[in-house]
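>>> Just a sequence and a predicted model for now, questions to come.
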Amino acid sequence: MKSFQNIDVKSVKEAVGLLQKFHQQKKVAAVVGGGSEYLQLMKDHVVEPDYLINLKTIPGLDYVKEERGGFRIGALAKLVEIEEHPAIREKLLILSTAAGEAASPQIRNAGTIAGNICQRPFCWYFRSSNFTCLRKGGQVCYTVTGDGRFHAILGSGPSYIVHPSDTAPALVALGAQIKIVGPAGERNIPLEKFFVLPSVDYKRENILNPGDVVTEIYIPTPRSGSKGFYYKVRERLAWDHAIVSVATIVENNGGVVRDARVVMGGVAPIPWRAPKTEEFLRGKKLDEANAKQASEIALEGAKPLKDNVYKVQMAKDLIQRGLLASV
Amino acid sequence: MADEKMGAKLSRRTFLKGLGGGAIGTAVVSTGLIKSDPAEAYSPETVGIARDKTPITLKVNGKAYRVEVEPRDTLAEVLRDQLGLTGTKIGCDRGECGACTVIINGRNMYSCSQLAVWMQGKEILTIEGLAKGDKLDPVQEAFIEHDGPQCGFCTSGQIMSGKALLMKNSKPTEAQVRRGLSGNLCRCGNYNREVESVLAAAKGR
Amino acid sequence: MAKDFSVVSKKTPRIDGYERVTGQAQYAGDVQVPGMLFARVLRSRQPHARIVDIDTSKAEKLPGVKAIIHYKNAQVAWSSGSQIVERYIFNNPVRYAGEAIAAVAATDRHIAEDALSLIEVKYEKLPYVLDVKEALKPDAPKIHPKGNLSVGEGRRGGAPIVEEWGDLEKGFKEADRIFEGTYVTKHVNNAQMERRVSLAKWDGGKLTVWASTQGISNCRTDLAKDLGLPLSKVRVICKNMGAGFGNKNQAHDFDLMAAILAKMAGQPVKVEFTREDDFVGVHGRWASAQHYKIGVKNDGTVTALEENSTTNMGGYRKGSGGLSGTDFYQAPNFKKIINPTYTNTVVAANFRAPSYPQSVFGIASILDQIAYELGINPLEMFEKNRVRLAKNKTRFSSYGLDQCIAEGAKRIGWNEKWHKPGATPGAKKHGIGMALGGYNFRQGLGAAAIRMNPDGSAHLLVGVTDIGGGAKTTMAIIAAEALGIPLSRIQVTYGDTDATPYSIGESGSRTTVFTGTAVIAAAQDVRAQIFKLAAEQLKVKPDELELKEGNVFVKSDPNQKLSLNQALNRVGADIIGRATTNPNEMKDVEGKCFSAHFAEVEVDLFSGHIKVTRYVAAHDSGTIINRLTAESQVKGGVVQGIGMALTEELLTDKLTGIPINPNYRDAKVPTHLEVPEVEVIFVDSFDPYGPFGGKVVGEPPITAAVATIANAIFNATGKRIKELPITPDKILQARQV
């Protein structure tokens, strides 16, 4: 790693202030939560901050609070805490499942929910110190000429990364909100608006600007009659990111859909919601024919690379499986 | 893509330069320096000098140690190089193998993925801290009896993960043991034995 | 053959278990000496280029940097690396992306890493070729002066490798049906847990290297040769090492780099590889493209077997490049042609049974396919075509392959579980498959010394390091059995060339036989001396005596006895027994271990995910010296086979020639969750040429594993996948066809 300074902060306000200050001084500063992922980026010289702002020393940012109507989760809540929280298991099962699918036990013990949502891509070209790819300021996205088997089939171009987070698709399916504190103050936005397509800006994955700190995730409890489904297809059952994942919440009455949220992971640079599918499903019966058609709609417009054509059918099958399991 | 400012002898070029074009290209073999801001020049005068060694106190295996570390020293490196606790191994330095697993405040974590400076005030338990004098921890004894180590390099990490699991769940099922150890690679493929050992330790055998 | 052993063939915990589980076992990277510097290696990003110039002036100015070496100031041969072409520790031109071009020693590892980025290299890029088929075209860029077919002299031989017997044409004429197929396997890295590290220290003219090596004796010989030193001036120490599976044999470039940097800097130097260095800077298993043409009778009997294959050796020739899986299958008429080929990719060499799992995958898959096409149960097919005579003419020194098949099939319940391929209903398909494998067994050079103390305890001196196979324990067991004293009375001195005699090193499944044989001979030497002394005291002739459980007694009257203490206390000093053995007794017999593996899988057709749900491995390895560690070896080999079959592959980017996934995460080494319980059967067997009837255990376990899983997948899906690894995308693609 390149040399840097570590600053332990005591409050979000202090963190924001420092980030602003360093930005003005044209220094590179970054916040770290658990730090596991960020350290690896530093070791591979993907990022080389002059300052690390350690948020772990801020007290009281790791809460899991159940309120009426939803849950407030502090940015620094660990993945293991979310996975094992009895109320989350009971009421937001797909979030507990998704958190439990992340990485490995040691990483779940150290990694935070905000870190999981903000993690950088695990595209092997991006993570390698040997490739200066488009996202890192180079000229070319290497997956186009190279090996793109794990890359995007939707929403892609000119970069073809997939968003690696396991919790993000579940959170988007649950309609989560994210709270960000920055120089101009605090703002709450729907989590699905947090992510940025490469066609908009291929050098970033989310809307965070210098000075911004994620502080909280809010998740409304699904309405009664809702059933959740989460499945992550992966090669190895530890560490591996999703080849394709699906998170759905389907509110239905005896198999007839009142409302649905269908989100895919591993297929796009952002957690990919399928609004046309959701619209199609409203009022329909959850049977094989409708599930199949719903899955076709979800993958309409998919533009696979030469190496990841298989993801199209895999995603369709997974959506069908999820819908039929939601009765 | 801009080069760094004057004085920087390290210029960053893409590896496409010269491809298909001229045969001679000056490719500076860097370790892939990518910065969003062209900040300070990466030159001999600045690199390596900005190393502030600060004194920190680490609590390891019940003892307090005072060491001087750079911010970029990982916990694994400090345990091994400065405290002489070489039982914790570094297998990949990327949090992808588990050989460096230690227990921090009761949870198993990768010590390569924690900076030493973040560890002040934490209770750190390493493989060297498991035995009580001459008495081995049940997990350690089970590993000997059930042939837990082959080459032995992942063994410390497997034992620490097993220990952390039993600290949290003293009567795990086999599936729970496998999941609890799933963040520890063993290239010798001794997985059956490691699981068997932890189960035996749980059963008090 | 049941033998009445005291120690051999029991389940014996490793004698160094305590050190391993307490973190006290010292590996090369744990050693620290005063004044030690840290070194890092700089690697080429060019797949093929001439280095025009290298400028280290800025790096040298960095405070803390003490020495830098590269092709200009360190032209040292790396002779153990390549048997065919000349290879130096720094080569010019560089022949693959990842090749070492410089090494820096500095006062700490951060500075060493910082210094790498200050080294400037000017390249003249050369055209490169990444693919074997392309490399064999007449107009392909030449990687070595003689071209891309790895031709040459020396131990490894040149391309092509040819083996034949019988009359192929006649064999095909006799066939009722002829089948052909091509099977492709990939480069898989050894990926052992311990990254490479080497600490070198000079004391005057003597060099000590704490190495992470599988063979200290050969490492010492190579270092002495390449540095121009007498053997007595080189000491290699390796007390524990974190495995290698064949890529830590002999000395390596980083051992030489450490020695040279240490000389230059005047301080000890520890070269440390990152995990990425380890993936690209050493070697992995050679990839292969195997084409088979097989003639069979309608009942499945093979009449002719023809193989035409290529192996991808990477930028340098470091291994045999052979394919030998056909060794376990019978063919009256046979011809095999293998062309090891250079490409500008990461080097390929030894990885556990280097020429076997790839080719057992090939031959066992096609035989399994033929069984399907003929409507024959695979068990019958393999039973019919298991090898019976080596090269169709030589008998085996011991043979248990039939037992392996019978006992393994019974244990897994083959007859109850087998069904036609693809026959199970639903999206989650069950499959069961099998394959035959094994490994070579031969005699060779070993040495051992035993110092027996006057109290009857003994030191066993052997040059083993113990890479995980438990060699220390195995040797101690052999010594205990051969001497006739309890295992607890044996102390093993190992892993230091200043103290221990020659051992081949733990590779090629040779230590148990080569060094074990020497241990037995050394023990006979000690016993002879003991009997001479005891005979005087007991007033009998030496050949009337026996030694068991630490007591010397008269065979015909066991009550006439002496404890060892009594027998030896007059001497007051050690009794030293020693032996160097190199038996060459296996004339007109072929030595082989055999195995039959069986697996059940569950294939999810929607996700393409494959789960191995049950595994039975039946092995014939003769007498098993230590059942506990031998079983672990089998389990371990199977796990590596699962990885090779389902997830592992080192990928190279076509545009740049740079490896894409040189790390654990993306090269996908199997985890706890990929692995079922592996049931191990050792069939009852005894080989007259091995220690106490033992053969070998280390390498056989992986050889059949890949094919076994692939055949089980075929049985589950009805689709034959001929290219490894069998990843979800391949399942889905096969489904759509």
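Received, thanks.
>>> so residue A:249 is in which element?
strand A:244-253 (DSSP states H and E).
>>> How about residue C:577?
Under the criterion of DSSP H and E, residue C:577 resides in strand C:575-581.
>>> Could you list the buried residues of that strand?
Across strand C:575-581, burial judged by 16 or more other CB atoms under 10 Å in any protein chain shown covers C:575, C:577, C:578, C:579, C:581. (Glycine included, C-beta is placed from N, CA and C.)
>>> cool, and stretch C:404-423?
Going by 16+ other CB under 10 Å, stretch C:404-423 has these buried residues: C:404, C:405, C:406, C:407, C:408, C:409, C:411, C:412, C:414, C:418, C:421.
>>> CA atoms only for the strand holding residue A:249, dumped as CSV, please.
The C-alpha trace of strand A:244-253 is given here as CSV (Å, rounded to 0.1, in the frame of the first residue of the first chain):
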residue,chain,number,x,y,z
VAL,A,244,-27.0,-13.9,-10.9
SER,A,245,-29.1,-13.2,-7.8
VAL,A,246,-32.8,-12.4,-7.5
ALA,A,247,-34.6,-10.6,-4.7
THR,A,248,-38.4,-10.3,-4.8
ILE,A,249,-41.2,-9.2,-2.5
VAL,A,250,-44.6,-10.3,-3.8
GLU,A,251,-47.7,-9.1,-2.0
ASN,A,252,-50.3,-11.6,-3.0
ASN,A,253,-53.6,-13.0,-2.0
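>>> Let's verify residue A:16: helix, strand, or coil?
When classified by DSSP: H, G, I helix; E, B strand; the rest coil, residue A:16 comes out as helix.
>>> what does stretch B:198-205 contact?
For stretch B:198-205, the external contacting residues (CB atoms under 8 Å, 6 or more residues apart in numbering or on different chains) are B:137-139, B:141-142, B:145-146, B:162, B:165-166, B:170-172, B:174, B:177, B:180-181.
>>> picking that back up, strand partners (parallel or antiparallel) of the strand holding residue A:249?
Under the criterion DSSP bridges, strand A:244-253 sits next to strand A:226-233 (antiparallel), strand A:256-265 (antiparallel) in its sheet.
>>> next one: the shortest one to chain centre, how far?
So the one you mean is strand A:226-233. Distance of strand A:226-233 from the chain centroid (CA atoms, centre = their mean, to the nearest Å) equals 15 Å.
>>> ok, and what's touching that strand?
Contacts to strand A:226-233, defined as CB under 8 Å, 6+ apart, come from residues A:92-94, A:97-98, A:101, A:166, A:169-170, A:173-174, A:222, A:242-252, A:265-266, A:314, A:318, A:321-323, A:325-327, C:607-609, C:728.
>>> Up against chain C, what does the stretch 201-327 of chain A have?
Contact residues (CB under 8 Å from any CB of the partner chain) of the stretch 201-327 of chain A with chain C: A:231, A:233-240, A:243-244, A:307-311, A:313-314, A:317-318, A:321.
>>> Buried among these? Need that as a selection in ChimeraX.
Only the buried entries of these go into this ChimeraX selection, using 16+ other CB under 10 Å:
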select /A:231,233,234,235,236,237,238,239,240,243,244,308,309,310,311,313,314,317,318,321
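>>> and the host helix or strand of residue A:311 with strand A:256-265, angle?
Using DSSP H and E, residue A:311 sits within helix A:310-324. On the basis of axes from the mean of the first three to the mean of the last three CA atoms, to 10 degrees, helix A:310-324 is oriented at 150 degrees to strand A:256-265.
>>> Please report phi then psi for the most centrally placed residue in chain B.
What sits nearest the mean C-alpha location of chain B, by CA atoms, centre = their mean, is residue B:112, with 2.4 Å. Phi and psi for residue B:112, reported as degrees, to the nearest 10, are phi -70, psi -20.
>>> which residues touch it?
By CB under 8 Å, 6+ apart, the neighbours of residue B:112 are B:74, B:75, B:76, B:77, B:90, B:92, B:93, B:94, B:95, B:100.
>>> Now with 7 Å, please.
Residue B:112 sits next to B:74, B:76, B:90, B:93, B:95, B:100 when contact means CB atoms under 7 Å, 6 or more residues apart in numbering or on different chains.
>>> Per-residue pLDDT of the residue of chain C positioned farthest from its centre, please?
In chain C, counting by CA atoms, centre = their mean, residue C:539 sits farthest out from the average C-alpha position, at 51.1 Å. Note for residue C:539: predicted pLDDT of 92.
>>> quick revisit: show me the contact partners of the next helix or strand after the strand holding residue C:577.
Sequence order places strand C:589-590 as the next helix or strand after strand C:575-581, per DSSP H and E. With contacts defined as CB under 7 Å, 6+ apart, strand C:589-590 is touched by C:390, C:394, C:395, C:396, C:397.
>>> Also stretch A:54-64?
Against stretch A:54-64 from outside (CB under 7 Å, 6+ apart): A:6-12, A:15, A:31-33, A:71, A:73-78, A:81-82, A:85, A:88, A:215, B:118.
>>> Kindly report the same for stretch C:448-456.
Outside stretch C:448-456, the residues within contact range by CB under 7 Å, 6+ apart are C:458-462, C:479, C:485, C:489, C:501, C:515, C:518-519, C:522-523, C:526, C:550, C:563-565, C:568-569, C:571-572, C:574-579.
>>> out of those residues, which are inside helices?
Secondary structure from DSSP state H places C:479, C:515, C:518, C:519, C:522, C:523, C:526, C:564, C:565, C:568 of these in helices.
>>> sorry, back to before: restricted to buried residues, select the contacts of stretch B:198-205 in ChimeraX.
Buried residues among the contacts of stretch B:198-205 (16+ other CB under 10 Å), as a ChimeraX selection:
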select /B:137,138,139,141,142,145,146,162,165,166,172,177,180,181
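>>> Can you verify my assumption that residue C:408 contacts residue C:619?
No: look at residue C:408 against residue C:619 with CB atoms under 7 Å: they stay out of range, at 9.0 Å.
>>> Look up the pLDDT of the residue nearest to the centre of chain B for me, please.
98.
>>> Could you do residue B:20 as well?
So, for residue B:20, pLDDT stands at 26.
>>> Then the one 5 residues further on?
Among the per-residue scores, residue B:25 holds a pLDDT of 26.
>>> Ok, residue B:12 next?
24.
>>> Check residue B:53 too.
pLDDT, residue B:53: 88.
>>> ok, residue C:308 - contacts?
By CB under 7 Å, 6+ apart, the contact set of residue C:308 is C:291, C:337.
>>> Next one: it from chain A, what distance?
28 Å (CB to the nearest CB, to the nearest Å).
>>> what separates that residue from residue C:288, distance-wise?
Counting by CB to CB, to the nearest Å, the gap from residue C:308 to residue C:288 is 11 Å.
>>> Out of the contacts of strand A:226-233, which end up buried?
Here, 16+ other CB under 10 Å leaves A:92-94, A:97-98, A:101, A:166, A:169-170, A:173-174, A:222, A:242-252, A:265-266, A:314, A:318, A:321-323, A:326, C:607-609, C:728 buried among the contacts of strand A:226-233.
>>> and residue 159, what helix or strand is that in?
Going with chain A. Here residue A:159 is assigned to no helix or strand, by DSSP H and E.
>>> oops, I was thinking of chain C
If you go by DSSP H and E, residue C:159 is not part of any helix or strand.
>>> what do you get for residue C:735?
Using DSSP H and E, residue C:735 sits in helix C:728-736.
>>> Relative to the whole chain's centre, how far out is that helix?
Chain-centre distance of helix C:728-736: 32 Å, with CA atoms, centre = their mean.
>>> How many residues are close by the nearest residue to residue C:104 once chain neighbours are set aside?
In this structure, residue C:104 finds its nearest non-sequential neighbour in residue C:115, 4.5 Å apart by CB to CB, 6 or more residues apart in numbering or on different chains. Per other CB atoms under 10 Å in any protein chain shown, the neighbour tally for residue C:115 reads 29.
>>> Could you pull up phi and psi at residue C:115?
phi -60, psi -30.
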